[in-house]
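Undergrad: what follows is a protein structure lacking sequence information:
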């Protein structure tokens, strides 16, 4: 019923605005012709230039200024032609079929200025999806509309409606949907915004309306009211303070359903409030201080299906933070920040979910330009989190970190960057016996990247990385999980553009990851990987180009044990993968593009049994794809796009339904 009432109101307002538009236009035209009390209209000028009986000796710029007198920076009178359509309605239609799935999409968007003070915005989307293999169809419809009335520069009103409906059914022949979910909102809003003085701005907005939601197992329906207020005070250019408040009140009728049968209903009330304060102050040039604080609270009622009672949930958060920036020393900039945050949740029925979490943090960073072409970024911080539950998981988390990054410009052809990171996390539980999981985790990483472009058509990159992560459990009962993981990685890349603009690119990547268990060497593992990728891009003729891509990856893994005082690598598995792709693209004029691609994939995996290499599996797949894309613009308002793709696949892992299928996609859009 709500949508019907809403669109009825919209139609009435549109009709009134259209009916009054000629009169309004005439009034504006009359006002332009009559001019202001300060103009020459209605008076005999002292002198008129000879030969010009219309009085055109008046400055044209002065006449234009008369017609567009402004108040608070906005024109008081406007050209009647500007009251026409701002943006014409636009329609988009898309139809696509991929294998056994067909999609239909239709969109409409409309923005219209009905009068000088009234504007309308409409959006609608319809999506349907059919899967012939699953014999299932889905739909997703979205609608939104907003009507805005501007009373003056400070006050405006709005009426908005939004809805989303999802449904699915088994059987492509129609029938009633097995499941249907709906969400809709209808609201009326008013907003007041004014600069009270040169240093004080105030904003106030209220929203009231109804809401309905059946997307979750709990169906809600009722009313809601929102209020937001903001007060800004800026006595100088260096100081700005802002206070914000927001509140929401919801009166909902909730229902818990199971297979369409109501299990439990309740009348729920929710009250949410948020208050925040922020200040930005530049003490002196180069020294800035930012401060922010906030507090929020919520009282929420909702049904508890298990208890078949109404649950009362109370929650709240508090936070505050200060950040200071110092740039008084040339080539050095410091940032220091301190913050804390606490949150709590309490339940009337589910008291086992009660919790209180507190967090405090201290962080600092610096940017230093040590010498020409070099920049150091230093950073560090410490964060402590205290979590209190009704269970034995109550405890503290302590997180400390330190970082260093160097960027060095080695000239017009090369640059170097190095990064070092250190991270420490400690977890402590109050109940050591019930929760013997106290542990420390230390991570360190060092990396380096070098970019070098020796010639205009040659680019090279070299990288390296080493990282180590240690996990140590404090309690002896869990010490078997203590381990250290080390990673070594080297990478390289070069790109060359030869004659006839042929691009050649190769990428290399070698890595080894070793995990060592301190008290259980039987679980030690070593994984080694090597990856080489090669790409050729060859332009044959204008509009015609070909490409060649090959990827090779080899990986082996196994145990790394201590045998007879010496560490020995016992390989357990190997995997080798090849991927080859050939492509050809041809663009015929402005409208048609043809593409043919063929790929070949092969993967072999071996296991080692008693030192013997045994083939575990082999996978082979061949793909051939042909694609045609046609794009055509009919004038400036209509666009059409058609894409047809034929796919053929063969291989040991290809499902018979996907050996041959076609994808078709049609798009059309028109602006009226």
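TA: Alright, I've got the coordinates. Everything quoted here is computed from the prediction, not taken from an experiment.
Undergrad: in its sheet, what does the helix or strand where residue 121 lies sit against?
TA: If you go by DSSP states H and E, residue 121 is part of strand 118-131. Paired neighbours of strand 118-131 in the sheet (DSSP bridges): strand 101-113 (antiparallel), strand 136-150 (antiparallel).
Undergrad: who wins for proximity to residue 447 among the ones you listed?
TA: Ranking these by distance to residue 447, with Cβ to Cβ as the measure, places strand 101-113 first at 43.2 Å. All C-beta spots, glycine's among them, are computed from the backbone N, C-alpha and C.
Undergrad: show me what counts as buried in that closest one.
TA: 102, 104-113 (16 or more other Cβ atoms under 10 Å).
Undergrad: quick one: distance of that strand to the chain centre.
TA: Relative to the chain's own centre, strand 101-113 is displaced by 22 Å; criterion: Cα atoms, centre = their mean, to the nearest Å.
Undergrad: looking at that strand now, give me its mean pLDDT.
TA: The predicted model assigns strand 101-113 a mean pLDDT of 91.
Undergrad: ditto for stretch 533-548
TA: For stretch 533-548, mean pLDDT is 94.
Undergrad: which positions in it come out as buried?
TA: Residues of stretch 533-548 classed as buried: 533, 535-538, 545, 547 (neighbour count, 16+ other Cβ under 10 Å).
Undergrad: run through the bridge partners of the residue nearest the centre of the chain.
TA: In the chain, the residue lying closest to the centroid (Cα atoms, centre = their mean) is residue 142, at 20.3 Å. As for beta bridges, residue 142 partners with residue 125, residue 164 under DSSP bridges.
Undergrad: what pLDDT is listed against it?
TA: Checking the pLDDT column for residue 142, the value is 95.
Undergrad: let's number from 19 now, not from 1
TA: Taking 19 as the first residue, the last one we looked at is residue 160.
Undergrad: quick one: it and residue 182 touch, right?
TA: Yes: counting by Cβ atoms under 8 Å, residue 160 sits close enough to residue 182 to count as a contact (5.0 Å).
Undergrad: adding distance to residue 435 and secondary structure, write the buried residues of stretch 551-566 out as CSV.
TA: Formatted as CSV, the entries for these read as follows, by distance: Cβ to Cβ, whole Å; DSSP: H, G, I helix; E, B strand; the rest coil:
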residue, distance to residue 435, secondary structure
551, 23, strand
553, 25, strand
554, 30, strand
555, 28, strand
556, 33, strand
563, 34, strand
565, 31, strand
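Undergrad: among these, which pair sits farthest apart?
TA: Looking across the buried residues of stretch 551-566, with Cβ to Cβ as the criterion, the two at the greatest separation are 551 and 563, at 19.2 Å.
Undergrad: how about residue 454, phi and psi?
TA: The phi and psi torsions at residue 454 (degrees, to the nearest 10) take the values phi -80, psi 60.
Undergrad: related to what we said a few turns ago, closest to residue 289 out of the strands paired with strand 136-149?
TA: Taking Cβ to Cβ as the measure, the strands paired with strand 136-149 were each checked against residue 289, and strand 154-168 came out nearest at 26.8 Å.
Undergrad: which of the strands paired with strand 136-149 sits closest to residue 382?
TA: Nearest of the strands paired with strand 136-149 to residue 382, taken as Cβ to Cβ: strand 154-168 at 46.0 Å.
Undergrad: show me what residue 343 is bridged to.
TA: Residue 343 has the following beta-bridge partners by DSSP bridges: residue 306, residue 353.
Undergrad: thinking it is in contact with residue 305, fair?
TA: Yes: under the criterion of Cβ under 8 Å, residue 343 lies in contact with residue 305, with a separation of 7.1 Å.
Undergrad: so which residues of the stretch 569-690 of the chain form strands?
TA: Counting by DSSP state E, counting those that start in this stretch, the segments of the stretch 569-690 of the chain that form strands are 584-606, 610-627, 630-652, 656-669, 678-689.
Undergrad: return the list of strands paired to the second one, each annotated with direction.
TA: Sheet pairing here is set by DSSP bridges, and for strand 610-627 it gives strand 584-606 (antiparallel), strand 630-652 (antiparallel).
Undergrad: in the first one, which residues are buried?
TA: Of all the residues in strand 584-606, those buried under the rule 16+ other Cβ under 10 Å are 589, 592-593, 595, 597-603.
Undergrad: from the residues you listed, which shows the smallest pLDDT?
TA: Across the buried residues of strand 584-606, the member with the lowest pLDDT is residue 589, scoring 90.
Undergrad: so what pLDDT did residue 320 get?
TA: We note a pLDDT of 88 for residue 320 in this prediction.
Undergrad: let me fix that: residue 63
TA: Looking at residue 63, its pLDDT stands at 33.
Undergrad: just to revisit the earlier point, just put the strands of the stretch 569-690 of the chain in TSV and tack on distance to residue 452.
TA: Formatted as TSV, the entries for these read as follows, by distance: least, Cβ to Cβ, whole Å:
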stretch	distance to residue 452
strand 584-606	38
strand 610-627	42
strand 630-652	44
strand 656-669	53
strand 678-689	57
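Undergrad: output the lowest mean pLDDT helix or strand found in the chain.
TA: strand 88-89 (a mean of 34; mean pLDDT, DSSP states H and E).
Undergrad: so where's the chain uncertain?
TA: Residues of the chain that meet the criterion pLDDT under 70 lie in 19-106, 191-193, 276-280, 580-583.
Undergrad: as a check, name the ranges of all helices in it.
TA: With DSSP state H as the criterion, the chain has helices at 20-52, 78-85.
Undergrad: do me a favour and get the backbone dihedrals for residue 390.
TA: Note on residue 390: its backbone torsions stand at phi -60, psi 130 [degrees, to the nearest 10].
Undergrad: measure it to residue 427 for me?
TA: The span separating residue 390 from residue 427 equals 8 Å under the rule Cβ to Cβ, to the nearest Å.
Undergrad: who has more neighbours, these two?
TA: residue 427 (12 against 7; other Cβ atoms under 10 Å).
Undergrad: quick one: the more buried one from residue 647, how far?
TA: Using Cβ to Cβ, residue 427 is found at 43 Å from residue 647.
Undergrad: what's the closest non-adjacent residue to residue 500?
TA: For residue 500, the nearest residue in space outside its immediate sequence neighbours is residue 536; the separation is 4.3 Å by Cβ to Cβ, 6 or more residues apart in numbering.
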